[in-house]
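Asker: Here is my input; please provide its structure:
(one chain, ligands or ions: 1)
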Amino acid sequence: MYKQMQERYSKTTASMQHSFIREILKVTKGVPGMISFAGGLPSPESFPKILLAELFSKVIKQEGDDVLQYGASDGDLVFKHIIKDFEEVPYLSDDEIMITVGSTNGIYYFTRALIDPGDVIICEAPGFPGSLAAMESCGARVVGVEMDEYGMLPDGLRETIKALMKKDEQVKFVYLIPEFQNPSGRTMNCDRRRDIIKIAVEFDLPILEDQPYRELRFEGDRISTLWELARTEFNDPTLVTIAKSFSKILGPGLRLGFAAGPPEIITPMVKWAQKSTVSPDCVTQRVSARFIEQGHMQRQIQNIIDLYRPRRDAMIKALKTHMPESVRWTNPQGGMFIWVTFDEAVDTDDLFELAVKHKVAFIPGSKFYPKENIKKNELRLNFSYADPELIEEGISRLANLL
Ligand SMILES: Cc1ncc(COP(=O)(O)O)c(C=O)c1O
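Answerer: Predicted structure coming up:
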């Protein structure tokens, strides 16, 4: 009798779970009358379809000899230079930046480069399960540190590092989503960013800064990234590596992002890329380069902001109108998510089962916590993909279930 394929799985493969969020999307997709705030999707109305179609055709016709060929594992040089100009970091050397297949891919390579099985990564609790799963697939143990409205708590971070070090655990890096965080919508203020950097310096721990939502700011002043602060105020160009994405400003299907950090980390990340993707899609990189070069990106970002801001406003208004007094929620200045907190008695895993029967969906808060820190009385709402006409009805359905 031949062995079943499952019996041949590596231990890592055998222990891998399907993404709960993807499973939820299957349950809610296409159900007549369902109002879903569950997915973390950009609105298809935000995709610049005509412009991209024209550019794909033009790039293949005019630059096809180059871009249909195998490309560099660290990304297209033309695209890298255009990104450096767009991000106003022309001084970066080419070996301080690599193009990735979405930011997940950059986060995965960063983890691959630093983690041996059993090593620890510290993240925010709640955090983004996509990244946490990528980290765990490399054998990392992910430990969460609590947040307040300004992001990860510095005292919590210090205590957690000390406790782990006392147990001889190998803490390798701190992973942060400082702006319009997924799932909470919270933004870390500048003082908090400085405090966190100080702790990272004190314990000599690198930071991986994940910034896929930064451009989607509806109001308020821009705050320097941890990456910028480390370089300018702390005079340390090696402490922070930043992962960025074109998923929320151009389209996630393009699978494009980039990572910027010291050559000492970018180089091994590129080595991992050579062994898996070989290179990011060369056509898509050049199309995106031309899109930015021709000045479309600023307008594109403004269009998305104009599309999402009223949806955020409608959701906040509906929460104010329909939710009981005891319920609290974040009021994000951008991004795609609102985080709702109920009193301790509410279990949002149970609420989810009930909500789906009443044709409204969200993601229960428990899905955003590392195993050791799970909380049950919170949930995530997405406003970018929601039909603006149905936001109030959806929130009212949810409030009635409470
Ligand atoms: C915080 C965060 N990081 C990374 C990603 C992944 O983005 P990408 O499509 O670039 O892989 C997402 C996507 O939702 C996200 O919310």
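
Asker: residue in the stretch 301-402 of the chain nearest to the ligand?
Answerer: Among the residues of the stretch 301-402 of the chain, M336 lies closest to the ligand, at 8.0 Å counting by C-beta to the nearest ligand atom. Bear in mind the C-beta positions are built from the backbone N, C-alpha and C, glycine included.

Asker: mind showing which ranges of the stretch 251-400 of the chain have poor pLDDT?
Answerer: Counting by pLDDT under 70, the stretch 251-400 of the chain shows no low-confidence range.

Asker: just to revisit the earlier point, go ahead and confirm the residue of the stretch 301-402 of the chain closest to the ligand touches L216.
Answerer: Yes - in this structure, M336 is within contact of L216 by C-beta atoms under 8 Å, at 7.2 Å.

Asker: any shared contact partners between those two?
Answerer: Listed as contacting both M336 and L216 by C-beta atoms under 8 Å, 6 or more residues apart in numbering are F180, K248, Y308.

Asker: Make a markdown table out of the residues you listed and add secondary structure, neighbour count and distance to L55.
Answerer: Output for the shared contacts of M336 and L216, formatted as a markdown table (DSSP: H, G, I helix; E, B strand; the rest coil; neighbours: other C-beta atoms under 10 Å; distance: C-beta to C-beta, whole Å):
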| residue | secondary structure | neighbour count | distance to L55 |
| --- | --- | --- | --- |
| F180 | coil | 25 | 28 |
| K248 | coil | 25 | 19 |
| Y308 | helix | 24 | 24 |
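
Asker: Show me which of those residues is closest to K375.
Answerer: Of all these, K375 sits closest to F180, with 20.5 Å by C-beta to C-beta.

Asker: The closest one contacts E219, correct?
Answerer: No - using C-beta under 8 Å, F180 is not in contact with E219, being 11.8 Å away.

Asker: Now list whatever residues contact both of those two.
Answerer: In contact with both F180 and E219: Q333, G334, using C-beta under 8 Å, 6+ apart.

Asker: What about I223, how many residues nearby?
Answerer: Close neighbours of I223, defined as other C-beta atoms under 10 Å, add up to 19.

Asker: ugh, typo on my part, it should be D210
Answerer: 30.

Asker: pLDDT wise, what is it at?
Answerer: With respect to pLDDT, D210 scores 98.

Asker: Contacts only, for it.
Answerer: Shown in contact with D210 (C-beta under 8 Å, 6+ apart): S103, I107, F128, S131, Y175, L176, I177, I242, A243.

Asker: Max pairwise distance over these: which two?
Answerer: Farthest pair in those, by C-beta to C-beta: F128 and I242, 15.2 Å.
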